[in-house]
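Asks: Have a look at this prediction, sequence included:
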Amino acid sequence: MEFKRLYDKSFLNEDYEESSKFNTLESQCEAVKRLALSLDNITILKKGKIDIISDGNQIVYNDVPGGLKRCGGIGDLLTGTLGLFSFWCDSGSDIVKESYINEPNIIAAYNGSVFIRECSRIAFEKYHRALLAVDVIEEIAQTFHKMFDNE
C-alpha cells in the first residue's frame, strides 16, 4: 500500500494498480526502478509475493518462499534486519565482497529479504496458521547461523 501511495504522488498523471498495467513481474520491476530513479536513486524494497529491490539503476527480486501466513510485525523485523545488513555492507563486510551486485544497499535489502523470508518459513512449519511475529524472532539465531556463519 505504501508503494502505491508513493508512486501515485510521484507520478500524478498515473495510477499504480497491480491488477492492470502492472500485473507482470517485469512491469512491477520497472515501476520500482522508475520510482527509485525519480527519488534520486534511493533504494526501494517493495514487499510482496515477490520482493522487488531497485536503486534506479539495478533491479533484483527475491522469490524465495517464505511462511504462508502474513502477520503483523514481519515488516518491523525486516526493517531491523535491513539496518544491520546496511551497516555491514557500509563497513565492507564479506557479504559485499562475495556478491555479484555492486551496490551495498541493494545487497543489504536482498539479504534482509531472503533472511526474514527464511525465518518466517521455518517458523510457519512449526506454528502453521497460529504464527506470530514472536515465533519468527525465535528463528533468527538459528537461521542466521545457517545462512551467514561459515564455521
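Replies: Perfect, I can see it now. Numbers count the residues shown, from 1 in each chain.
Asks: Mind jotting down where the strands sit in this protein?
Replies: Listed in chain order, the strands of the chain (DSSP state E) span 44-46, 51-54, 59-62.
Asks: any chance of those in a markdown table, plus mean neighbour count?
Replies: C-beta coordinates here come from the backbone N, C-alpha and C atoms, glycine included. Output for the strands of the chain, formatted as a markdown table (neighbours: other Cβ atoms under 10 Å):
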| stretch | mean neighbour count |
| --- | --- |
| strand 44-46 | 22 |
| strand 51-54 | 25 |
| strand 59-62 | 18 |
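Asks: Let's have those in TSV, adding mean pLDDT and distance to residue 131.
Replies: Putting those into TSV (pLDDT from 0 to 100; distance: least, Cβ to Cβ, whole Å) gives the following:
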stretch	mean pLDDT	distance to residue 131
strand 44-46	96	22
strand 51-54	97	19
strand 59-62	96	20
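Asks: Would you format these as CSV with distance to residue 70 included?
Replies: Converted to CSV, the strands of the chain look like this (distance: least, Cβ to Cβ, whole Å):
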stretch, distance to residue 70
strand 44-46, 15
strand 51-54, 13
strand 59-62, 15
